[in-house]
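>>> With the input below, show me the fold.
(one chain, ligands or ions: 2)
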Amino acid sequence: SKFGKVRTWNVVPSPDRGHTECNIAVLGTTGSGKSALTVKFLTKRFISEYDPNLEDTYTSEEIVDQQPVVVKLMDTADQDGPVNCERYLSWASAFLVVYSVDSRQSFEGCQRYLSAVTAHAKGLQPKTAIVLVGNKLDMERYRQVSQSDGASLALRYRCPFFEVSACLEFGAVQRVFHEAVREARRE
Ligand code: GDP
Ligand code: MG
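Residues are numbered from 1 along each chain as shown. Ligands and ions are numbered 1, 2, ... in the order given. Model prediction:
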């Protein structure tokens, strides 16, 4: 298939080989760049046109801090924000919450996701594994969300925060996904 994706049901965990799994849900309003970031992480390429209604799950074998991990990614595509979100809230062990630095509306929108995720996790675990991502850093000229706005939101949720671009350096994009794995491991 187009991005070399592997359906999740093909993956057989093999604990005897030291493999662990980490399910990461990529959340945020439509247009924030969830699919572009996901595809960049999986293929190192920037795909500019991607069906905004397509929601899919991908698998990638990663090495994070010298430890192998089978990362499953759900690139979500909500139509109306976090309303029917049980499918990813109960599935994921970590959340990438994405907004776009050139869209105030996406920044407001991502806060609904942060609330939904933390409300769901309440009582289940002391701290939810979240990474906050300000995407489209290449759109600096059209910035509507300052870096310090992002940083203070992350502080409120006590989660790591990165500004990246799906069309710039791969390493920076890879870092945010790997950080989500680290957050999940810390739990
Ligand atoms: P999604 O709805 O959150 O999955 O967003 P998409 O990944 O489909 O991206 C929405 C639009 O933003 C598309 O036109 C992408 O080409 C564009 N886009 C995504 N990421 C970036 C980025 O980092 N920089 C720029 N300039 N455009 C981006
Ligand atoms: Mg999408």
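>>> So the closest residue to residue 72 other than its chain neighbours versus ligand 1, what's the distance?
Using Cβ to Cβ, 6 or more residues apart in numbering and skipping the chain neighbours, the partner closest in space to residue 72 is residue 23 (4.7 Å). No exception for glycine: its C-beta is placed from N, CA and C like everyone else's. Counting by Cβ to the nearest ligand atom, to the nearest Å, the gap from residue 23 to ligand 1 is 18 Å.
>>> so what secondary structure elements neighbour whichever strand or helix holds residue 23?
With secondary structure defined by DSSP states H and E, residue 23 is part of strand 20-27. Counting by 3 or more Cβ pairs under 8 Å, 6 or more residues apart in numbering; DSSP states H and E, the packing neighbours recorded for strand 20-27 are helix 34-43, strand 67-75, helix 86-89, strand 94-100, helix 104-121, helix 170-186.
>>> can you tell which of these is closest to residue 148?
helix 104-121 (12.3 Å; Cβ to Cβ).
>>> Okay, buried residues for the strand holding residue 23 please.
Under the neighbour-count criterion of 16 or more other Cβ atoms under 10 Å, strand 20-27 has 22-27 buried.
>>> And the pLDDT at the residue nearest to residue 72?
Reading off the confidence values, residue 23 has pLDDT 97.
>>> hey, what's the residue most central in space within the chain bridged with?
Central residue of the chain (Cα atoms, centre = their mean): residue 96, 2.6 Å from the mean position. Beta bridges link residue 96 to residue 26, residue 131, judged by DSSP bridges.
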